[in-house]
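Trainee: Quick check, what structure comes out for this input:
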Amino acid sequence: MDDSNARLVAALLEARQRHCFPADVRRAAPEFVGQVLGLLFPHFAERLECTAAAVHRDVTTVEASLHRIRDTLAPLYPGIERDLPARFMERLPGLYDWLRQDADAIFEADPAARTVDEVILTYPGFTAIAIYRVANALHALGFPLLPRLLTEYAHQRTGVDIHPGATIGRRFVIDHGTGVVIGETTLIGDNVKIYQGVTLGALVVEKGLTDKKRHPTIEDDVVVYANATILGGETVVGRGSIIAGNAWLTQSIPSQSVVTRRSEVRQRGENGSLDALEFHI
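Mentor: Just a heads-up that it's a prediction; the model follows:
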């Protein structure tokens, strides 16, 4: 090896050692979430075996996979707790219940859906929500890195980017999905429906705001139509409001409001009428 190649190898070796990271974790993330979804929904399983023995086998497989990922990450994250896989497994029945409600809500909201099975098998919005809920459960338990790998995998597959730290209530609907972005500190209530291209983001992007609420709060029963942008940690969209497509919103609105593309805000009365409000968006 000549001197120039030796210098190159030395420089690259130093760079590689500085960022040495187990590639197994990156490869394991899609496999792991596939195992979890296959355990919860036979639609995702490689083979259909509806017996107690098969379910016990799949439970063992999922927990063993999570232990392997934990052991791989342990040298890099010494504080990771040994019992995290077992604690995650305890959450699976509740996780299934929430995901089944999401699937039912998508089916009920979309006249093009013929069955709930169709939603589970073919809707990218459901896939993104399902992977998010798995990642969110791990995030809440303090499992490092894997939650982000899972949601980035969902992003690649569906075009939906949901940070695992976001808080999302029951019966969540993402229709079509591509281009949806939901930031880390977003709070979303129950029965919320959003369409493609919606951004729930930060008004200011600064590293010093890491521990601050940077993303909006969307209360129950809100509908956000395609390509709307809602920004800011102090921005609250009141319950039952409708945000029109392409709207840009950076301040709070009261419940039962309608925000149009022309930056008008109207509030729905008890009789369904729309009364203009003094608002500047």
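Trainee: give me the low-pLDDT residue ranges for this protein?
Mentor: Within the chain, the ranges that satisfy pLDDT under 70 run 1-4, 14-21, 23, 209, 261-281.
Trainee: Just confirm Asn227 is within a helix.
Mentor: No. Looking at Asn227 with DSSP: H, G, I helix; E, B strand; the rest coil, it is coil, so not inside a helix.
Trainee: How about it, nearest residue that isn't a chain neighbour?
Mentor: Residue nearest to Asn227 in three dimensions, not counting chain neighbours: Gly197, with 3.8 Å by Cβ to Cβ, 6 or more residues apart in numbering. (C-beta placed from N, C-alpha, C; glycine too.)
Trainee: Could I get the buried residue list for stretch 94-113?
Mentor: Neighbour-count burial for stretch 94-113, counted by 16 or more other Cβ atoms under 10 Å, picks out Leu95, Trp98, Leu99, Gln101, Asp102, Ala103, Ala105, Ile106, Phe107, Asp110, Ala113.
Trainee: Distance to Ile80 and secondary structure for those - can I get that in CSV?
Mentor: Listed next are those as CSV, based on distance: Cβ to Cβ, whole Å; DSSP: H, G, I helix; E, B strand; the rest coil:
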residue, distance to Ile80, secondary structure
Leu95, 21, helix
Trp98, 25, helix
Leu99, 26, helix
Gln101, 31, helix
Asp102, 29, helix
Ala103, 32, helix
Ala105, 34, helix
Ile106, 34, helix
Phe107, 38, helix
Asp110, 40, coil
Ala113, 40, coil
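Trainee: Show me the protein divided up by domain.
Mentor: Here the domain assignment for the chain is 1-160, 166-281, based on automatic domain parsing.
Trainee: from these, which stretch is densest packed?
Mentor: Among the domains of the chain, the stretch with the highest mean neighbour count (mean count of other Cβ atoms under 10 Å) is domain 166-281, at a mean of 18.
Trainee: Please state the offset of it from the chain centre?
Mentor: 16 Å (Cα atoms, centre = their mean, to the nearest Å).
Trainee: any idea which element Val258 lies in?
Mentor: Taking DSSP states H and E as the criterion, Val258 maps to strand 257-259.
Trainee: Show me what that strand is packed up against.
Mentor: Counting contacts by 3 or more Cβ pairs under 8 Å, 6 or more residues apart in numbering; DSSP states H and E, strand 257-259 is packed against strand 242-243, strand 265-268.
Trainee: hang on, the earlier thing: return the closest of the buried residues of stretch 94-113 with respect to Gly238.
Mentor: Ala105 (20.3 Å; Cβ to Cβ).
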